[in-house]
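Q: Below is the sequence, then the predicted model.
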Amino acid sequence: MTSAAELPADVLALGVTGSTGGLGGMVARQLAELGSAQRLLVRDPARAPVVEGATPAVCSYADSAAARQALDGVKVLFMVSAAETQDRVQQHTAFVDAAAGAGVEHVVYTSFYGAAPDATFTLARDHHATEEHIRASGMDFTFLRDNFYLDFLPLLAGEDGVIRGPAGDGAFSGVAREDIARCAVAVLRDPAIHKGATYNLTGPEELTLEQAAGIITESTGRTITYQPETVEEAYASRASYGAPPWQVDAWVSTYTAIASGEMAGISPDVHGLTGEDPISLREFLARPVL
């Protein structure tokens, strides 16, 4: 493993987290195609994508000492939110502090649509807390507030093809992960002009879950339906998974946030950042699986 001290200066300017996952991997590959040197911050170097101009550095969000060493020399940091855990805010806080201590100047953070201390979706509250900690760190920042992932939508259906949840007839404005990646790359190519900005990343349409189920059925040939639940029914139907309360709260509040209207609204920001319209659910489902 190459140490930070051994890397040429241009490699040190840009750090990318999450490259072993879907979004961070897309960003790393697109940056490589543009010829951008980058440092990939990973927990397992064996899983780091092999892309030109990228050098892995090992750390985790919770390990402040390792993170600070891995970030030494990085000036612009793409920070993908950590996996959903009960202590995610604490992990984020430790990592942000390490970044500030290492001299990072600008953080581009993947937040969530409607992030607020009183958001219906419980995990959006975590994102708000992380945003506030980044603001207080003294580093420059750009927040990418993603709506519900279109990529995840078909996975909401059970084996019987039914999406169950207390979303009522509320709408969401789902966005494809590839659109989020393109927006992130646009910001990372010239972060100075995006200093202090918060972008709401949505798709081109508002959909209810019933409408989305119909589109998935038409596009895939698999019959998908939506069955509304009450909040009480939602908790009862998920009790058999044995998940901790915080996680069940997150699952259920995904739907109640839609019901409350907090996931609705169409933003122009994807087009504003990339010059291209965001992908619709039909377009997403028609794309080949990579």
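A: Sure thing, it's come through.
Q: Do you have the strands of the stretch 51-200 of the chain handy? List them.
A: In the stretch 51-200 of the chain, the strands defined using DSSP state E, counting those that start in this stretch lie at 54-58, 76-79, 106-112, 140-146, 162-165, 171-172, 198-201.
Q: Reformat those as a markdown table; add mean neighbour count and mean pLDDT.
A: For glycine as for every other residue, the C-beta is placed from the backbone atoms N, C-alpha and C. Formatted as a markdown table, these follow (neighbours: other CB atoms under 10 Å; pLDDT from 0 to 100):
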| stretch | mean neighbour count | mean pLDDT |
| --- | --- | --- |
| strand 54-58 | 20 | 94 |
| strand 76-79 | 26 | 98 |
| strand 106-112 | 24 | 98 |
| strand 140-146 | 22 | 98 |
| strand 162-165 | 20 | 98 |
| strand 171-172 | 24 | 98 |
| strand 198-201 | 21 | 98 |
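Q: Tell me where this protein is predicted with low confidence.
A: 1-12, 289-290 (pLDDT under 70).
Q: Test my guess that Ala213 contacts Arg222.
A: No - the criterion here is CB atoms under 8 Å, and Ala213 misses it with Arg222 at 10.2 Å.
Q: With distance to Gln30 as added columns, please give the strands of the stretch 51-200 of the chain in TSV.
A: TSV is the format used below for the strands of the stretch 51-200 of the chain (distance: least, CB to CB, whole Å):
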stretch	distance to Gln30
strand 54-58	12
strand 76-79	11
strand 106-112	14
strand 140-146	14
strand 162-165	31
strand 171-172	26
strand 198-201	16
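Q: Relative to Arg43, which of those strands is closest?
A: strand 54-58 (6.8 Å; CB to CB).
Q: which stretch among the strands of the stretch 51-200 of the chain comes nearest Ala48?
A: Minimum separation from Ala48 across those (CB to CB) falls at strand 54-58, 4.1 Å.
Q: Can I get stretch 66-84 in PDB, CA atoms only?
A: Extracted in PDB, the C-alpha atoms of stretch 66-84 (Å, rounded to 0.1, in the frame of the first residue of the first chain):
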ATOM      1  CA  ALA A  66      -6.500   6.200  10.300                       C
ATOM      2  CA  ALA A  67      -8.800   8.600   8.600                       C
ATOM      3  CA  ARG A  68      -6.600  11.500   9.400                       C
ATOM      4  CA  GLN A  69      -3.600   9.800   8.000                       C
ATOM      5  CA  ALA A  70      -5.500   8.600   4.900                       C
ATOM      6  CA  LEU A  71      -6.700  12.200   4.300                       C
ATOM      7  CA  ASP A  72      -3.300  13.800   4.700                       C
ATOM      8  CA  GLY A  73      -2.900  16.100   1.700                       C
ATOM      9  CA  VAL A  74      -6.500  15.700   0.400                       C
ATOM     10  CA  LYS A  75      -8.000  19.100  -0.300                       C
ATOM     11  CA  VAL A  76     -11.400  18.200  -1.700                       C
ATOM     12  CA  LEU A  77     -13.300  15.200  -0.300                       C
ATOM     13  CA  PHE A  78     -16.300  13.400  -1.700                       C
ATOM     14  CA  MET A  79     -18.000  11.900   1.400                       C
ATOM     15  CA  VAL A  80     -20.600   9.200   0.700                       C
ATOM     16  CA  SER A  81     -22.800   8.700   3.800                       C
ATOM     17  CA  ALA A  82     -22.000   5.600   5.800                       C
ATOM     18  CA  ALA A  83     -24.000   2.500   5.800                       C
ATOM     19  CA  GLU A  84     -27.200   2.700   7.900                       C
END
